[in-house]
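> Predicted model follows, preceded by the sequence.
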Amino acid sequence: MSSNNKIINWFRRLREDWNRIITVSRKPDRNYFSLNLKVTLLVLAVIGVLAYIIQLVLTLIGV
């Protein structure tokens, strides 16, 4: 099989996968979206605070 056929087949499979994902996906309701947003923001805040604390500690000990 030539490389052009491999690339064409890869794009066909990719398009089929995208179509399958779009077919089974649905828009989340307001409560589910709100919960996901809160969890995401909480995780970002926790990681940000941890990174700040690590940077502060390393600065204070002079590394």
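Perfect, thanks for sending it. Treat the numbers as computed from the prediction; the structure is a model and nothing was measured.

> Distance check, the residue positioned nearest the centre of the chain against Asn5.
When the chain is reduced to its mean C-alpha position, the nearest residue by Cα atoms, centre = their mean turns out to be Thr40, at 10.6 Å. Look at Thr40 and Asn5: by Cβ to Cβ, to the nearest Å, they are 42 Å apart. For glycine as for every other residue, the C-beta is placed from the backbone atoms N, C-alpha and C.

> quick revisit: give me phi/psi at the residue nearest to the centre of the chain?
phi -60, psi -50 (degrees, to the nearest 10).

> how close does it get to Ile54?
Taking Cβ to Cβ, one finds Thr40 at 21 Å from Ile54.

> Go through the helices and strands of the chain and name the one with the lowest mean pLDDT.
The helix or strand of the chain with the lowest confidence, counting by mean pLDDT, DSSP states H and E, is helix 3-24 at a mean of 91.

> Convert it to PDB, retaining C-alpha atoms only.
Backbone C-alpha positions of helix 3-24 (Å, rounded to 0.1, in the frame of the first residue of the first chain) are rendered in PDB as follows:
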ATOM      1  CA  SER A   3       1.900   6.200   1.600                       C
ATOM      2  CA  ASN A   4      -0.900   8.200  -0.200                       C
ATOM      3  CA  ASN A   5      -3.400   5.500   0.400                       C
ATOM      4  CA  LYS A   6      -2.300   5.300   4.100                       C
ATOM      5  CA  ILE A   7      -2.900   9.000   4.500                       C
ATOM      6  CA  ILE A   8      -6.200   8.900   2.700                       C
ATOM      7  CA  ASN A   9      -7.400   6.000   4.900                       C
ATOM      8  CA  TRP A  10      -6.200   7.700   8.000                       C
ATOM      9  CA  PHE A  11      -8.300  10.800   7.200                       C
ATOM     10  CA  ARG A  12     -11.300   8.700   6.400                       C
ATOM     11  CA  ARG A  13     -11.100   6.900   9.700                       C
ATOM     12  CA  LEU A  14     -10.600  10.200  11.500                       C
ATOM     13  CA  ARG A  15     -13.700  11.700   9.800                       C
ATOM     14  CA  GLU A  16     -15.700   8.600  10.800                       C
ATOM     15  CA  ASP A  17     -14.500   8.800  14.400                       C
ATOM     16  CA  TRP A  18     -15.500  12.500  14.500                       C
ATOM     17  CA  ASN A  19     -18.900  11.700  13.100                       C
ATOM     18  CA  ARG A  20     -19.300   9.000  15.700                       C
ATOM     19  CA  ILE A  21     -18.400  11.300  18.500                       C
ATOM     20  CA  ILE A  22     -20.700  14.000  17.300                       C
ATOM     21  CA  THR A  23     -23.600  11.500  17.000                       C
ATOM     22  CA  VAL A  24     -23.300  10.300  20.600                       C
END
